[in-house]
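Peer 1: Any chance you can model this:
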Amino acid sequence: MKTHLRRYRFERGELSQQRLADMVQVSRQTIISIERGDYSPSVKLALQLAEALGTTVEALFELEDEDHV
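Peer 2: Numbering: from 1, shown residues only. Modelled structure (predicted):
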């Protein structure tokens, strides 16, 4: 899964990983792992991230070729 989380953080006034983590009540390490593609967020967390960044889940995350069944 490809993530655009980092880009959206920067488009929102260079929002720090820690600030975003605080907004959605997760650890900074969780945000780092999502941005690196090491962790796929739950549906709930993906929705919270999208809301916090003023966008949609579809804009933040997209499936890559190998993710399709």
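
Peer 1: contacts and neighbour counts: CA atoms only from here.
Peer 2: OK.

Peer 1: contacts for the helix or strand hosting residue 19?
Peer 2: Assigned by DSSP states H and E, residue 19 belongs to helix 17-24. With contact meaning Cα atoms under 8 Å, 6 or more residues apart in numbering, helix 17-24 is reached by 9, 27-28, 30-32, 45, 48-49, 52.

Peer 1: Would you reformat the residues you listed as TSV and include secondary structure?
Peer 2: Shown next, in TSV, are those (DSSP: H, G, I helix; E, B strand; the rest coil):
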residue	secondary structure
9	helix
27	coil
28	helix
30	helix
31	helix
32	helix
45	helix
48	helix
49	helix
52	helix
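
Peer 1: Quick one: buried ones out of these?
Peer 2: 9, 30-32, 48-49, 52 (16 or more other Cα atoms under 10 Å).

Peer 1: which among the residues you listed gets closest to residue 63?
Peer 2: When those are ranked by distance to residue 63 (Cα to Cα), residue 49 comes first, at 17.1 Å.

Peer 1: out of everything not next to it in sequence, what's closest to the closest one?
Peer 2: Nearest non-adjacent residue to residue 49, counting by Cα to Cα, 6 or more residues apart in numbering: residue 24, 6.6 Å away.

Peer 1: which stretches of this protein aren't confidently modelled?
Peer 2: For the chain, no stretch has pLDDT under 70.
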